[in-house]
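S.K.: I would like to see how this sequence folds:
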Amino acid sequence: MTFDANRPDLLVGVIGTGAMGRGIAQVAAAGGMNVVMTDSRPGAAEEARDFIAKMLSRAAEKGTLGKDEAAAAVKRLQVVSGPADMKPCHVVIEAIVENLDAKRQLFGELESIVAPDCILATNTSSLSVTTIAAKLKTPQRFAGFHFFNPVPLMKLVEVVSGLATDATTADTIAATAASWGKQPVRAASTPGFIVNRCARPFYGEALRLLSEGAADEATLDALLREAGGFRMGAFELMDLIGNDVNFAVTRSVWEAYYHDPRYAPSVL
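M.R.: Model prediction:
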């Protein structure tokens, strides 16, 4: 599955407009793409569009984006009622809850809605791309398109290929990410991919230090920032991501590696 990432009529669908979905919609619109977005929670997509408009306006005030560019990007955003309205999309990116059954159900529905050459992509941070696509009739057009929070600021994007992902699908997603000003890296569908596999001990060891009374959260974060050179400490980053999301990722990686103690979730 392939398309020109720079074609002017490219239409991107985003399903799920929480922190990740609205961030993806923002970078796509700022990158010149027309975007349709939806969320299962009533009013959430409208709230996301207003939030994106504020962020783009703020970028224009700071001079990181031209005022005309910001205004044009907002005009490229459209809220739709549900997945059924994704029919004309060239690529649909899912950013819903980190739950395997929910994602498989959504993509099963989407497969019967969109055109045969539409690329289907998941923003999952740890679930198996191969497993999500296992029941699809056309898994070759399915891949992981994993952004990091906050999406507009984080350059890295993981392009994740499952066992059935066609090479042209991954190539097209990587080219699309690059056209949005991102740095795509290729990854296989292994538990946690690259970044989240590396990140699990970052959070896990910090939580162990806290549970053992080595230091409090603020001290541990300060040590990671000042001595380790990290932009944020582990606890600050968990607050940003959300402990519900971070725990779900930790648990899925731990279970996928047959309960390897390196990835064990913390009681805290």
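S.K.: who does the residue nearest to His146 when sequence neighbours are not counted bridge with?
M.R.: Closest residue to His146 apart from its sequence neighbours, by CB to CB, 6 or more residues apart in numbering: Glu158 at 4.0 Å. Any C-beta I mention is one placed from the backbone N, CA and C, and that applies to glycine too. Here Glu158 sits in beta bridges with His146, Val185, going by DSSP bridges.
S.K.: how far away is Glu158 from Phe193?
M.R.: Look at Glu158 and Phe193: by CB to CB, to the nearest Å, they are 5 Å apart.
S.K.: Then Pro261?
M.R.: Following CB to CB, the distance that separates Pro261 from Phe193 is 21 Å.
S.K.: the more surrounded of these two?
M.R.: Phe193 (24 against 8; other CB atoms under 10 Å).
S.K.: mind listing what's buried in the helix ranked longest in the chain?
M.R.: If you go by DSSP state H, the chain has its longest helix at helix 44-62. Neighbour-count burial for helix 44-62 flags 44-45, 48-49, 51-53, 55-56, 59-60 (criterion: 16 or more other CB atoms under 10 Å).
S.K.: go on, stretch 199-206?
M.R.: Going by 16+ other CB under 10 Å, stretch 199-206 has these buried residues: 199-200, 202-204, 206.
S.K.: What about Ile241, how many residues nearby?
M.R.: Look at Ile241: counted by other CB under 10 Å, it has 19 neighbours.
S.K.: Please apply the same query to Pro152.
M.R.: Neighbour count of Pro152, defined by other CB under 10 Å: 19.
S.K.: With the one 5 residues further on instead?
M.R.: As a burial measure, Val157 scores 25 neighbours (other CB under 10 Å).
S.K.: Over to the one 10 residues further on?
M.R.: By the criterion of other CB under 10 Å, Ala167 has 10 neighbours.
S.K.: ok, the residue nearest to it when sequence neighbours are not counted - contacts?
M.R.: The spatially closest residue to Ala167, leaving aside those adjacent along the chain, is Ser161, at 7.9 Å (CB to CB, 6+ apart). With contact taken as CB atoms under 8 Å, 6 or more residues apart in numbering, Ser161 is in contact with 129, 143-144, 167, 169-170, 186-189.
S.K.: and which of the residues you listed is nearest to Gly228?
M.R.: Nearest to Gly228 among these, counting by CB to CB, is Ala187 at 24.4 Å.
S.K.: Report the secondary structure state of the closest one.
M.R.: Assigned by DSSP: H, G, I helix; E, B strand; the rest coil, the conformation of Ala187 is strand.
S.K.: What separation do you get for it and Ala248?
M.R.: 19 Å.
S.K.: Could you pull out the strands in the stretch 1-150 of the chain for me?
M.R.: Assigned by DSSP state E, counting those that start in this stretch, the strands in the stretch 1-150 of the chain fall at 11-15, 34-38, 77-79, 91-94, 119-122, 142-146.
S.K.: now the first one against helix 44-62, angle please.
M.R.: With axes from the mean of the first three to the mean of the last three CA atoms, to 10 degrees as the criterion, the two stretches strand 11-15 and helix 44-62 enclose an angle of 120 degrees.
S.K.: I appreciate the help and will end here.
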